[in-house]
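J.: give me a model of this one.
(one chain, ligands or ions: 1)
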Amino acid sequence: MAAMTVKAAMTVPLLDLKAQYADIKTEMDAAVHRVLDSARFIGGPEVSGLEEEVARYSQCAHAIGCASGTDALLLALRALDVGPGDEVVTGAYSFFASAGAVVNAGATPVFVDIDPASYNMDAHRLEAAITPRTKAVIAVHLYGQCSDLTAISAVCEKRNVWLIEDAAQAIGSEWEGRRAGSVGDLGCFSFFPSKNLGAAGDGGMVTAQDAALADRVRLLREHGARPKYYHALVGTNSRLDAVQAAILRVKLKHLDRWSEARARNAALYDQLFEGARVGRPYRDPRGRHIYNQYVIRVAGRDALRQHLGERGIGTEVYYPVPLHRQQCFATLGYGEGDMPQAEAAARETLALPIYPELTEEQIRYVAATVREFTDSH
Ligand SMILES: *Cc1c(COP(=O)(O)O)cnc(C)c1O
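T.: This is a model prediction of the structure:
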């Protein structure tokens, strides 16, 4: 077949962090220089300031900065004493860390299928997955929309297991008026650059309502030492750098504006896909969706992705392999067909550009290019 060249009318990357930086460059540069001038690179007022601000923003009594969202999950599991012999139930469809952290804590992940509309754990399937070995449930708030925290926390209370919220993609999202990270025993956040609140590198945060649990997380992130050099627990080094904290404090002030812009962009896509053969993201009326991703469901997903790529539009597949089908989990014994909704999502979904700085013209171009494909296939 002869190579076909298509002239892209414009370029729309999946995410444009340079546009965000251009918008807040003065504040960002000042924040970085403030830390450089202070030479307080570990701990200090930027880190404690961000912890207080994220706790308040997320309706939590406590927040503890750490090195990444992955570490937030691992610290949470360890603070709850999850380890060898324990099972942790989570959805079969997420970023790998939601399950990898369980294994790194020494425990065994148990997967439940997802709700095909929200892509979050199907709360109706949770109770059947709980056994006497279950120590915790990790509810992931995928793409920026909370899991059904009412149903999930009811099951956790009834069966006496801990609830961890993986809110890595969901800072500021809400379920029945309660912010992500504030409902479970511990909440885990990521400041990876592609999240709604992204650092200039890695970073994470654990939130808690209970002071004793928060204290355990705080202890574990610094080798379990209190005072310094006296170790009650074996922890790790998982701190949030002061430079990252200073950057995140600047960005936190803009977060609501950005999340609202994402929601506006999503509403425009929804409207432009009206009547098209495009499965639009479901928005649960009980929650606030912050649209970390705008994920559509289509037949011929891979061909559509290529069609868009050739026309200058960045997309991503989150995620091509569901957790229960990852090679490293083969020993858990799951097979193809065990989690049909997660498997269908892995085959049929595609994330489109949704970042706040998108122009209406770009959104219209993306939607028209999607429809050009779906209307003719
Ligand atoms: C990004 C993400 C994580 C991990 O965060 P890192 O900061 O990249 O380690 C965990 N869970 C989910 C659902 C994520 O999207």
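J.: residue 163 and the ligand, how far apart?
T.: 15 Å (Cβ to the nearest ligand atom, to the nearest Å). Yep, even glycine has a C-beta here, placed from its N, CA and C like the rest.
J.: and if you look at residue 209?
T.: Using Cβ to the nearest ligand atom, we find residue 209 at a distance of 21 Å from the ligand.
J.: what number of residues lie near that residue?
T.: 18 (other Cβ atoms under 10 Å).
J.: could I get the pLDDT score of it?
T.: For residue 209, the pLDDT comes out at 98.
J.: try residue 164
T.: At residue 164, the pLDDT value in this model is 99.
J.: repeat that for residue 7.
T.: 73.
J.: mind checking which helix or strand it is in?
T.: If you go by DSSP states H and E, residue 7 is not part of any helix or strand.
J.: so who does it touch?
T.: For residue 7, no contacting residues are found, by Cβ atoms under 8 Å, 6 or more residues apart in numbering.
J.: if I look at it, how far off is the ligand?
T.: From residue 7 over to the ligand (counting by Cβ to the nearest ligand atom), the distance is 35 Å.
J.: do the same with residue 36
T.: Distance from residue 36 to the ligand, by Cβ to the nearest ligand atom: 24 Å.
J.: check residue 11 too.
T.: Residue 11 is 25 Å from the ligand, by Cβ to the nearest ligand atom.
J.: tell me, how many neighbours does that residue end up with?
T.: Neighbouring residues of residue 11 were enumerated by other Cβ under 10 Å; the total is 12.
J.: got it, and the one 4 residues further on?
T.: Applying other Cβ under 10 Å, we find 18 other residues in the vicinity of residue 15.
J.: please name the nearest non-neighbouring residue to it.
T.: residue 355 (5.1 Å; Cβ to Cβ, 6 or more residues apart in numbering).
J.: residue 11 too?
T.: Among residues not flanking residue 11 along the chain, residue 312 sits closest, at 4.2 Å (Cβ to Cβ, 6+ apart).
J.: and the one you found, what's its pLDDT?
T.: Reported pLDDT at residue 312 in the predicted model: 98.
J.: returning to that earlier point: need the three-state assignment for the residue nearest to residue 15.
T.: Assigned with DSSP: H, G, I helix; E, B strand; the rest coil, residue 355 falls in the coil class.
J.: do you know how far the residue nearest to residue 297 when sequence neighbours are not counted is from residue 374?
T.: Nearest residue to residue 297 in three dimensions, chain neighbours excluded: residue 279, at 3.1 Å (Cβ to Cβ, 6+ apart). Distance of residue 279 to residue 374, given as Cβ to Cβ, to the nearest Å: 10 Å.
J.: between the two, what contacts are shared?
T.: The contact sets of residue 279 and residue 374 overlap at residue 298 (Cβ under 8 Å, 6+ apart).
J.: so, low pLDDT: which residues of the protein?
T.: 1-5 (pLDDT under 70).
J.: residues of the protein that sit close to the ligand?
T.: For the chain, the residues in contact with the ligand (Cβ under 6 Å from any ligand atom) are 68-70, 94-95, 97-98, 140, 166, 168-169, 190, 192, 202, 204.
J.: what's the burial count for residue 208?
T.: Neighbours of residue 208 under the rule other Cβ under 10 Å: 26.
J.: and whichever helix or strand residue 258 is part of, what other elements does it pack with?
T.: Element membership of residue 258, judged by DSSP H and E, is helix 255-272. Using 3 or more Cβ pairs under 8 Å, 6 or more residues apart in numbering; DSSP states H and E as the contact test, the elements touching helix 255-272 are strand 294-297, helix 360-374.
J.: output the first one as CSV, nothing but the C-alphas.
T.: Coordinates of each C-alpha in strand 294-297 appear next as CSV, following Å, rounded to 0.1, in the frame of the first residue of the first chain:
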residue,chain,number,x,y,z
TYR,A,294,-11.9,12.5,28.4
VAL,A,295,-12.3,8.9,27.3
ILE,A,296,-14.5,7.8,24.4
ARG,A,297,-15.5,4.3,23.5
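J.: now do stretch 192-203: distance to the chain's middle.
T.: Put simply, stretch 192-203 sits 11 Å off its chain's centre (Cα atoms, centre = their mean, to the nearest Å).
J.: can you pull the buried residues of it?
T.: Within stretch 192-203, the residues that count as buried by 16 or more other Cβ atoms under 10 Å are 192, 195-200, 202-203.
J.: the residue nearest to residue 297 and the ligand, how far apart?
T.: 21 Å.
J.: and that residue, its phi and psi?
T.: Note on residue 279: its backbone torsions stand at phi -80, psi 110 [degrees, to the nearest 10].
J.: that one and residue 299 touch, don't they?
T.: No - contact between residue 279 and residue 299 fails when scored by Cβ atoms under 8 Å: they sit 9.4 Å apart.
J.: now do the contacts for the residue in the stretch 51-200 of the chain that the ligand sits nearest to.
T.: Closest approach between the stretch 51-200 of the chain and the ligand, counting by Cβ to the nearest ligand atom: residue 69, at 2.4 Å. Counting by Cβ under 8 Å, 6+ apart, residue 69 makes contact with 97, 166, 168, 188-192, 195, 204.
J.: again, 10 Å this time
T.: Listed by Cβ atoms under 10 Å, 6 or more residues apart in numbering, the contact set of residue 69 reads 95, 97-98, 101, 166-169, 188-192, 195, 202-206.
J.: wait, what's in contact with the residue nearest to residue 11?
T.: By Cβ under 10 Å, 6+ apart, the neighbours of residue 312 are 6-13, 365-366, 369.
J.: one more pass at 8 Å, please.
T.: Taking Cβ under 8 Å, 6+ apart as the definition, contacts of residue 312 comprise 8-12.
J.: right, I'll leave it there.
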